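Asks: The amino acid sequence is not available; the structure is as follows:
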């Protein structure tokens, strides 16, 4: 009589335990077994550690840092040099999560050579495991060159914030004939070797069709519940951002928590009740 070891069960993408980083193969396997998963942004080592320990499988160091870290009113001003140290910090602060570096405006649109150089710099200088770029067929040469060089690429379609001036503001994208164009862009990115694609602010019906048409995962943000994954900017998710879009759900109220903590600290300092002897060295 022969015996065989039981087949190993796949590790869940969200909350799974392993002694290695999440990879593009893990992402693809989750799509095959129809497992939904969360992605969050992160910009520093401490929050990266919190999200990593919470089981978040993918952390995006987004160009949204322009607004939530650097105080700009759009993503356009942030530079590669601004994002390099943030990305490196997120890599150092996490152990399991895949860290995706967002390529900022102007760092890849100028051509294949510039795009490949930027993506290479992020992987070499920060330890990031993949990059994200906005656009469909217009950035296919850049995406193909990155994939050919061994750099995993995440696409981004729909409301691509780096093109906000072309769109005339932050508007839903992909209605009517524009939906056919978005579908074509998604399929082109898949053919170019992208391992996933973000769909931002598109009608939920279109997002569902794109998700069903692709073998790679879709990651929704304002795209309904039929995408393979979801992403939010962590400050929006945790209630630190004063004004948020319709698609944001706040899971905490950090603005109030931090404000209350700061006021309590200040009042104890002014009132002479902090520090006490337990906080002093003897």
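Replies: It's in. Because the structure is a prediction, the values reported are computed rather than measured.

Asks: C-alpha only now, for contacts and for neighbours.
Replies: Fine.

Asks: so what's residue 30 up against?
Replies: 12, 13, 36 (Cα atoms under 8 Å, 6 or more residues apart in numbering).

Asks: Mind giving me the packing neighbours of the host helix or strand of residue 91?
Replies: In this assignment (DSSP states H and E), residue 91 forms part of helix 80-93. Using 3 or more Cα pairs under 8 Å, 6 or more residues apart in numbering; DSSP states H and E, the elements in contact with helix 80-93 are helix 45-53, strand 58-61, strand 98-102, helix 112-126.

Asks: Tell me, how many residues neighbour residue 280?
Replies: 7 (other Cα atoms under 10 Å).

Asks: Residue 24 now?
Replies: 18.

Asks: likewise residue 210?
Replies: Residue 210 has 24 nearby residues by other Cα under 10 Å.

Asks: Can I take it that it is in a strand?
Replies: No: counting by DSSP: H, G, I helix; E, B strand; the rest coil, residue 210 is not part of a strand but helix.

Asks: do you know how far it is from residue 195?
Replies: 14 Å (Cα to Cα, to the nearest Å).

Asks: same question, residue 185
Replies: Residue 185 is 14 Å from residue 195, by Cα to Cα.

Asks: and if you look at residue 211?
Replies: Taking Cα to Cα, one finds residue 211 at 13 Å from residue 195.

Asks: List the contacts of the most centrally placed residue in the chain.
Replies: Residue closest to the average C-alpha location in the chain (Cα atoms, centre = their mean): residue 60, at 3.0 Å. Applying Cα under 8 Å, 6+ apart to residue 60 gives the contacts 39, 40, 41, 42, 99, 100, 101, 102.

Asks: circling back: please list the residues outside the helix holding residue 91 that contact it.
Replies: 42-49, 61, 63, 65, 99, 101, 103-104, 107, 118, 122, 125-128.

Asks: quick one: buried residues of stretch 32-50?
Replies: Going by neighbour count (16 or more other Cα atoms under 10 Å), the buried part of stretch 32-50 is 36-45, 47-49.

Asks: Ok, stretch 55-71 next?
Replies: Buried-residue list, stretch 55-71, by 16+ other Cα under 10 Å: 55-66, 68.

Asks: about what we covered before: of the contacts of residue 30, which belong to strands?
Replies: Among the contacts of residue 30, none falls in strands (DSSP state E).

Asks: could the residues you listed be laid out in JSON lines, adding distance to residue 236 and pLDDT?
Replies: What follows is the contacts of residue 30, written out as JSON lines (distance: Cα to Cα, whole Å; pLDDT from 0 to 100):
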{"residue": "12", "distance to residue 236": "26", "pLDDT": "93"}
{"residue": "13", "distance to residue 236": "23", "pLDDT": "96"}
{"residue": "36", "distance to residue 236": "21", "pLDDT": "98"}
